[in-house]
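**Student:** Quick check, what structure comes out for this input:
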Amino acid sequence: MTKIGFYLFLIFFSTTTYSQVILSLDDDTVYIDSIARVTKNAQSDSLKSLYSFRLSKLYLMVQDMKKSKEYLQEANKLKTKFPFLNDASIYYNAFSFLEKGDADGFEKTLVEANNKLKKYNNPEAYKLRAIILQNYGLMQQRKNNEKGYMKILVYEAIPLAKKSGDYELISNLYKAIAIIFMNTNEREKASEYLSEAQNHIEKATKKSPTLAESKMETYIINAENLVELKRFYDAKKTLDKAYSKLSKYPESNLNDSYFYAEGIYYAKQNQHPKALKSYEKGIKSAQKHQNLIALNRLKFAEYEVLFKLKDYEKAKKNLEYLLENTPFIVDKKNYYNELAKVYNATKNHEKAYFYSNKYNTVNDSLNKSKFQNEIVELEAKYKKAESEKKITLLQAQNDKAALLANNNRLNSILFGVLSFVLFITVLFLWILNKNQKKLSFQKEVNHEQELTALENQKKLSVSNALIEGEEVERKRIARDLHDGLGSMLSGLKMHLNLAEKDNATNKIEIGTLLDSSIKELRNISQNLMPESLLKLNLENALRDLCIANSNSKTRIEFQYLVQNQNLSKNYEIMIYRIIQELLNNTLKYANATQILVSCSQNQDVFFITVEDNGVGFNVSEIKDNIGMGLRNIKNRVEFLNGKLEIDSKENKGTSTYIELKVKHEDL
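**Tutor:** The predicted model follows:
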């Protein structure tokens with residue numbers, strides 16, 4: 001497979017760049033042949049075109065570039081009558097830019113394809129857009145824009161993947177986020193997203209040529225991360241899941257990375273013989289598959305264990321192999337340093353000095369190369385400045401000579417005039433500067449006073465709004481008590497009076513009234529302060545709220561991705577009220593069948609996302625005419641110095657994003 005084809009595979013078929021080889025587990029030709037037969041027997045041009053596009057990608061995956069291009073050409077011929085296929089083809093044809101080495105053209109094509117597909121509301125369009133956005137995010141990551149890549153994954157790609165219902169795609173996107181956190185050594189955050197990735201890949205049942213490989217890769221990456229977190233019990237369970245499948249495929253190149261993960265699992269627990277056995281199996285597998293990157297990784301991991309066991313001869317052989325087979329000078333520098341340590345441990349000080357000297361030489365060479373580049377650049381700038389200086393100086397000398405020759409007398413007069421003008425100018429500037437300082441100081445004082453007044457006004461506005469909201473809540477509670485519980489108790493009193501007069505008691509009817517009164521009292525109490533929030537935590541209270549509000553018409557899905565739940569009760573109550581108000585508004589006005597409530601936290605920022613597929617509304621129309629419910633939400637968000645963003649279009653649902661500044665409660 002050519003380098004271009006390999007790069008295309010990474011972009012089009014992998015949602016992460018974790019693997020450096022095409023992963024394979026079982027034979028996918030049977031699946032691909034079945035799709036080819038379906039394509040051949042399809043009655044309509046639209047189906048033939050769609051399946052031909054898919055086959056083009058599948059043959060690219062199995063490195064058959066010739067058939068990939070043939071099916072792509074066939075799909076392009078048949079697409080012309082169908083608007084969706086015309087728009088989708090922009091994505092399928094995008095690899096031609098990469099084939100020409102035009103990364104910018106590829107990126108622009110991805111943006112165009114995403115914009116074209118926005119008008120389609122079907123699972124295939126959602127899936128394609130999620131893949132396109134993930135590929136666009138990879139291009140941002142290539143430009144070192146990790147934050148942009150993360151934002152695309154969280155706020156755009158994953159919601160679309162969920163709409164498509166493709167669990168494998170959802171899993172791969174969560175895995176991509178996890179790897180971003182692993183690259184920055186944020187292992188705990190990575191663990192949260194890897195857990196989500198594993199949960200979704202285990203739900204995937206739809207047949208695909210990459211499903212088994214994706215599942216195994218997810219297990220292996222998750223296990224490796226859990227080992228780094230020293231959560232060995234969970235790591236072993238995950239490794240066992242991978243092994244239960246991989247043991248049936250001893251020839252799979254997934255064994256290269258599996259045995260590395262198994263090896264570090266044992267090595268981190270100082271079970272060195274078992275670690276060496278795992279590394280040996282991984283090395284044999286990597287050699288068989290010519291996976292040089294995995295082989296070097298395994299060899300170095302094996303060296304570290306051998307060094308700890310003081311098996312210096314074998315450790316030395318590993319380092320010598322790595323020196324011969326690594327193309328990177330930085331890696332060679334580190335191997336020289338490790339060899340110096342080995343020879344020093346065996347008291348071969350001459351060799352230790354030799355490799356230590358080689359390490360210093362390479363290190364100095366790298367620094368010198370960088371230094372020389374800087375010197376060349378500085379020298380070029382210096383020469384340019386010197387040339388400009390000489391030209392300017394020569395020109396000034398010529399002008400001065402001409403002026404002296406022709407205007408000596410005029411110079412004397414001009415000197416006197418200039419001296420006077422200079423004195424007047426300096427005096428004027430001094431006075432002006434003095435006045436400007438006074439004016440600037442006064443402006444600064446006025447500005448600070450205005451800011452203070454505005455801040456006080458804002459605080460007063462928020463306080464008044466909260467008081468107003470509380471007053472409305474009190475009226476609602478009074479109404480519930482009067483109309484609900486009060487009416488029931490009055491009815492109960494009347495039944496008791498009648499029973500006393502007639503000397504008869506209808507126990508069933510009185511019991512029913514008592515049960516209804518108690519239930520109404522509990523509902524009012526739950527609205528005032530949920531019992532689950534007081535006794536348990538925010539997650540349980542919100543889950544109870546979502547379950548309580550779900551009905552036969554509207555299904556509410558709840559996600560809580562917060563690892564350490566240590567918020568104070570004040571913050572938990574405020575967050576609960578915000579989500580409660582959002583759900584009330586959605587259920588009352590949106591006419592939605594699905595609602596997603598998602599909570600997550602990064603350090604001192606708490607994120608809330610509420611999405612629905614309801615009727616939506618024009619956001620610009622409600623800016624000056626918002627209801628009490630939305631006003632209460634805005635006031636609570638402002639009270640926590642947070643941010644509120646509402647994205648809604650008519651008949652396309654509503655998405656609400658909230659960021660709250662919170663403080664952890666000391667445990």
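
**Student:** Pull the contacting residues for the residue nearest the centre of the chain.
**Tutor:** In the chain, the residue lying closest to the centroid (C-alpha atoms, centre = their mean) is Met150, at 2.9 Å. Taking C-beta atoms under 8 Å, 6 or more residues apart in numbering, we find Met150 in contact with Ile177, Ile180. Yep, even glycine has a C-beta here, placed from its N, CA and C like the rest.

**Student:** Let's see the pLDDT reported for it.
**Tutor:** Listed pLDDT for Met150 reads 87.

**Student:** Mind telling me what element it is part of?
**Tutor:** Using DSSP states H and E, Met150 falls within helix 146-152.

**Student:** ok, the residue nearest to the centre of the chain to Ala75 distance?
**Tutor:** Using C-beta to C-beta, to the nearest Å, Met150 is found at 33 Å from Ala75.

**Student:** same question, Ile32
**Tutor:** Separation of Ile32 from Ala75 (C-beta to C-beta) stands at 15 Å.

**Student:** Who has more neighbours out of those two?
**Tutor:** More crowded of Ile32 and Ala75, by other C-beta atoms under 10 Å: Ala75, with 24 against 19.

**Student:** quick one: what helix or strand has the more buried one in it?
**Tutor:** Per DSSP H and E: helix 65-78 holds Ala75.

**Student:** ok, now Ile573?
**Tutor:** helix 569-585.

**Student:** who's in contact with that helix?
**Tutor:** So helix 569-585 is contacted by 529-530, 533-534, 537-538, 541-542, 545-546, 549, 556, 567, 595, 597, 599, 606, 608, 610, 627, 629-630, 632-633, 636-637, 639-640, 656, 658, 660, 662-663 (C-beta under 8 Å, 6+ apart).

**Student:** going on from it, what's the next piece of helix or strand?
**Tutor:** strand 594-602.

**Student:** Which of the residues in that next one are classified as buried?
**Tutor:** Under the neighbour-count criterion of 16 or more other C-beta atoms under 10 Å, strand 594-602 has Ile595, Leu596, Val597, Ser598, Cys599, Ser600, Gln601 buried.

**Student:** gap between the nearest residue to the third one once chain neighbours are set aside and Gln594?
**Tutor:** It refers to Val597. Closest residue in space to Val597, ignoring its immediate chain neighbours: Phe558 at 5.0 Å, by C-beta to C-beta, 6 or more residues apart in numbering. Plainly put, Phe558 is 12 Å away from Gln594 if you go by C-beta to C-beta.

**Student:** again with Leu50
**Tutor:** 27 Å.

**Student:** Repeat that for Ile177.
**Tutor:** With C-beta to C-beta as the criterion, Ile177 and Gln594 are 23 Å apart.

**Student:** what does Ala345 give?
**Tutor:** Distance of Ala345 to Gln594, given as C-beta to C-beta: 64 Å.

**Student:** In the one helix or strand the residue nearest to Val597 maps to, which residues are buried?
**Tutor:** In this structure, Phe558 is located in strand 555-561 according to DSSP H and E. By neighbour count on 16+ other C-beta under 10 Å, the buried set for strand 555-561 is Ile556, Phe558, Tyr560.

**Student:** Return the distance of it from the chain's centre.
**Tutor:** With C-alpha atoms, centre = their mean, to the nearest Å as the basis, strand 555-561 stands 19 Å off its chain's centre.

**Student:** Against which helices or strands is it packed?
**Tutor:** helix 538-549, strand 594-602 (3 or more C-beta pairs under 8 Å, 6 or more residues apart in numbering; DSSP states H and E).

**Student:** so what strands line up beside it?
**Tutor:** According to DSSP bridges, strand 555-561 forms sheet pairs with strand 594-602 (parallel).

**Student:** who touches the strand it pairs with?
**Tutor:** Residues contacting strand 594-602 (C-beta under 8 Å, 6+ apart): 162, 189, 539, 542, 546, 554-563, 575, 579, 582-583, 586-587, 606-613, 662.

**Student:** Now a ChimeraX select for only the buried ones of those residues.
**Tutor:** Paste this into ChimeraX to select the buried members of these, with burial taken from 16+ other C-beta under 10 Å:
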select :162,189,539,542,546,554,556,558,560,562,575,579,582,583,586,587,606,607,608,609,610,611,612,613,662
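
**Student:** need the helices for the stretch 201-350 of the chain, in chain order.
**Tutor:** In the stretch 201-350 of the chain, the helices defined using DSSP state H, counting those that start in this stretch lie at 211-228, 232-246, 254-268, 272-289, 292-308, 312-325, 329-345, 349-406.

**Student:** Return the list of helices and strands in contact with the shortest one.
**Tutor:** Translated: helix 312-325. Counting contacts by 3+ C-beta pairs under 8 Å, 6+ apart, helix 312-325 packs against helix 292-308, helix 329-345.

**Student:** Give me the average confidence score over that helix.
**Tutor:** Averaged across helix 312-325, the pLDDT comes to 89.

**Student:** Over to the fourth one?
**Tutor:** For helix 272-289, the per-residue pLDDT values average out at 91.

**Student:** same question, the third one
**Tutor:** Helix 254-268 shows a mean pLDDT of 91 in the predicted model.

**Student:** can you pull the alpha-carbon coordinates of it into CSV?
**Tutor:** Taking Å, rounded to 0.1, in the frame of the first residue of the first chain, the C-alpha atoms of helix 254-268 are listed here in CSV:
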residue,chain,number,x,y,z
LEU,A,254,-4.0,-6.4,17.2
ASN,A,255,-1.9,-8.8,19.3
ASP,A,256,1.0,-6.4,18.8
SER,A,257,-0.6,-3.7,21.0
TYR,A,258,-2.5,-6.2,23.2
PHE,A,259,0.7,-7.9,24.5
TYR,A,260,2.3,-4.4,25.1
ALA,A,261,-0.7,-3.5,27.3
GLU,A,262,-0.6,-6.8,29.1
GLY,A,263,3.2,-6.4,29.6
ILE,A,264,3.0,-3.0,31.2
TYR,A,265,0.1,-4.3,33.4
TYR,A,266,2.5,-6.9,34.9
ALA,A,267,5.5,-4.6,34.8
LYS,A,268,3.7,-1.9,36.8
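
**Student:** For that helix, buried residues please.
**Tutor:** By neighbour count on 16+ other C-beta under 10 Å, the buried set for helix 254-268 is 254-267.

**Student:** between those, which is closest to Ala88?
**Tutor:** Taking C-beta to C-beta as the measure, Ala88 lies nearest Leu254 of the buried residues of helix 254-268, at 31.2 Å.

**Student:** before we move on, the earlier item: same list, the buried residues of strand 555-561, but as TSV with distance to Phe181 and pLDDT please.
**Tutor:** Shown next, in TSV, are these (distance: C-beta to C-beta, whole Å; pLDDT from 0 to 100):
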residue	distance to Phe181	pLDDT
Ile556	29	93
Phe558	23	92
Tyr560	18	90
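
**Student:** which of those residues lies closest to Asp311?
**Tutor:** Nearest to Asp311 among the buried residues of strand 555-561 is Tyr560, at 48.7 Å by C-beta to C-beta.

**Student:** Against Thr654, how distant is the closest one?
**Tutor:** As judged by C-beta to C-beta, Tyr560 and Thr654 stand 21 Å apart.

**Student:** What of Ile578?
**Tutor:** Remark: distance between Ile578 and Thr654 (C-beta to C-beta) = 15 Å.

**Student:** go on, Asn564?
**Tutor:** From Asn564 to Thr654 the distance is 30 Å (C-beta to C-beta).

**Student:** what about these two, which has more around it?
**Tutor:** Thr654 (24 against 9).

**Student:** So the more buried one sits against Ile622, correct?
**Tutor:** No: taking contacts as C-beta atoms under 8 Å, Thr654 lies outside contact range of Ile622: 11.2 Å.
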